[in-house]
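[1] fold the following and give me the result.
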Amino acid sequence: MKAFYSCCFHLVNKVMKRKDDKIHKHNKFIDGIKISTVNYVGDKSKYHLMDFYQNDSLVKGIKQPLILQCHGGGYFYGTKDTYIYFNNWLASQNYVVAAPSYTLLFKAGLQQMMQEIFQAFSIAISNIDKLNVDKNKIYLTGDSVGSNLALLFLAINQSNELQKIYGVKHLDVDIKKVFLNNPVCYAERIPMMPKKPHFDKKAHEWFMSKLCGIDYRVPNDIYDTNSIDKYIKYLNKLPSTFVTTSTGDGFNALSKEAYQLLKNKGFDVSINDLQDKTYGHVYNILVPIDDKRSVDINNKIVSFLNN
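    Residues are numbered from 1 along each chain as shown. Below is the predicted model of the structure:
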């Protein structure tokens, strides 16, 4: 049965990759953007690469804001390259973007993913002078489950207890703003085989065992902090945050629930809940960058950051 679920996820991975490749065929790079790549661990793994996007046409000496990015993909799909056109566009708006890959399920669990994100962000932060970054304008973003990783990063960075659980050290970084694209912050509630309840339950058990530990149902520190409803108690501060979602997104209810949790805790959070079913999940990334659907929300994101 384990082999069956593994094959299912690999098949979904291939389907998603073909879909992304089809979309990218209609995208175009904006000129004048420099992309440099580093290995933030120092090994040969493709999952330990991080791209820096920077507008090379700006007058030298002008400092730019930095965006630290956590990509999505359900923990088992995606790399830094999934967002290459989106990041190219952000750089054209005069942001430096640090976009790392991280090891995916089923080669790594949540703990290792967070360790790698901390390593990547540490490298980015240590290079802010070289990148000519404005230290007072460092932002954080995530899309889909990347939003969960971004918020978990903030919670861990504020908690000595979580730092011990995840095996990381506090990073000296002052995040000023956060934007979350169609956040999915509840791993156990991602529908996998909704039309077959028995298989859906078994698939979730297998998925969560890979994400949080072999027997996640036994008291487990990673499982107990894997979703926003579990780690929000460690999140004592949250910069001004902008959430995007739409009625065409199958995860719309989960995005609004995460927004409400943050709002209920008294954080400064706003939401753009687009009432249009033609706008699907992370539509501003998964449709061509010059599509009206991308343009509208991406301009709102930049307006939020600039104001």
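[2] drop to CA atoms for contacts and neighbour counts, all remaining ones
    Fine.
[3] my guess is Ala120 meets Pro100, correct?
    Yes. At 6.4 Å, Ala120 counts as touching Pro100 under the criterion of C-alpha atoms under 8 Å.
[4] part of a strand, is Glu188?
    No. Going by DSSP: H, G, I helix; E, B strand; the rest coil, the assignment for Glu188 is helix, not a strand.
[5] give me the element the residue lying closest to it once chain neighbours are set aside is part of.
    Computed as C-alpha to C-alpha, 6 or more residues apart in numbering, the closest residue to Glu188 that is not its neighbour in sequence is His204, at 6.5 Å. Assigned by DSSP states H and E, His204 belongs to helix 197-212.
[6] same check, this time on Asn87
    Once you assign secondary structure using DSSP H and E, Asn87 falls within helix 84-92.
[7] list the helices and strands that helix packs on?
    On a contact count with 3 or more C-alpha pairs under 8 Å, 6 or more residues apart in numbering; DSSP states H and E, helix 84-92 meets strand 33-39, strand 49-55, strand 96-100, helix 283-286.
[8] angle of it against strand 96-100?
    Put simply, helix 84-92 runs at 150 degrees to strand 96-100, going by axes from the mean of the first three to the mean of the last three C-alpha atoms, to 10 degrees.
[9] pull the CA atoms of helix 84-92 into PDB?
    Taking C-alpha atoms only, helix 84-92 is exported to PDB below (Å, rounded to 0.1, in the frame of the first residue of the first chain):
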ATOM      1  CA  ILE A  84      11.100  32.100 -11.900                       C
ATOM      2  CA  TYR A  85       8.800  34.400 -13.800                       C
ATOM      3  CA  PHE A  86       7.100  35.700 -10.700                       C
ATOM      4  CA  ASN A  87      10.400  36.500  -9.100                       C
ATOM      5  CA  ASN A  88      11.700  38.000 -12.300                       C
ATOM      6  CA  TRP A  89       8.700  40.400 -12.200                       C
ATOM      7  CA  LEU A  90       9.200  41.200  -8.500                       C
ATOM      8  CA  ALA A  91      12.900  42.100  -9.300                       C
ATOM      9  CA  SER A  92      11.700  44.400 -12.100                       C
END
